[in-house]
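*Asks:* need coordinates for the following:
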Amino acid sequence: MRRGFTLIELIMVIVIIGILAAIAIPKFIDLRTDAQKAACFGSAAAIQTALSNYYARQAIKGNPGFPGTLHDASFTSEYFAEGTLPDHPKEWDWNTYYSSNTGVLHTGKGAESGACTGF
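*Replies:* Below is the predicted model of the structure:
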């Protein structure tokens with residue numbers, strides 16, 4: 001006679017798998033937010049480095065100072081390693097605003113408010 005699992009044993013296994021999934025899934029969902037925060041910090045650090053390079057080059061020329069706008073810093077030139085301002089990932093929802101007085105401000109769903117602090 002072949003012996004199999006009873007219905008109660010199968011239900012208990014399904015319940016245990018469900019409990020484990022309920023514990024693990026929120027951890028994996030949080031990884032996307034953490035990755036977006038890391039990308040935000042990386043972009044902010046790249047901008048900070050480019051501004052430091054701009055300041056140093058201006059100091060060598062005898063006119064130390066930061067640019068009045070991000071556009072004035074000629075970010076499409078030598079200040080970034082790639083030669084351009086870092087792009088945001090295409091799947092993130094962003095709105096871009098430009099003002100000649102303040103530079104470029106990115107707002108949107110890339111990371112929650114306050115994710116890029118400490119610079």
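
*Asks:* tell me which element Gln58 falls in.
*Replies:* helix 7-60 (DSSP states H and E).

*Asks:* tell me the mean pLDDT for that helix?
*Replies:* Mean pLDDT, helix 7-60: 85.

*Asks:* ok, Tyr54 - how many residues close by?
*Replies:* A count of nearby residues for Tyr54, using other C-beta atoms under 10 Å, gives 20. To be clear about C-beta, it is placed using only N, CA and C from the backbone, and glycine gets the same treatment.

*Asks:* hmm, it is touching Asn63, no?
*Replies:* No: counting by C-beta atoms under 8 Å, Tyr54 sits too far from Asn63 to count as a contact (11.1 Å).

*Asks:* mind checking pLDDT for Gly118?
*Replies:* We note a pLDDT of 48 for Gly118 in this prediction.

*Asks:* for Glu91, same thing?
*Replies:* Per-residue pLDDT puts Glu91 at 52.

*Asks:* from Ile14, how far off is Leu7?
*Replies:* Counting by C-beta to C-beta, to the nearest Å, the separation of Leu7 from Ile14 is 11 Å.
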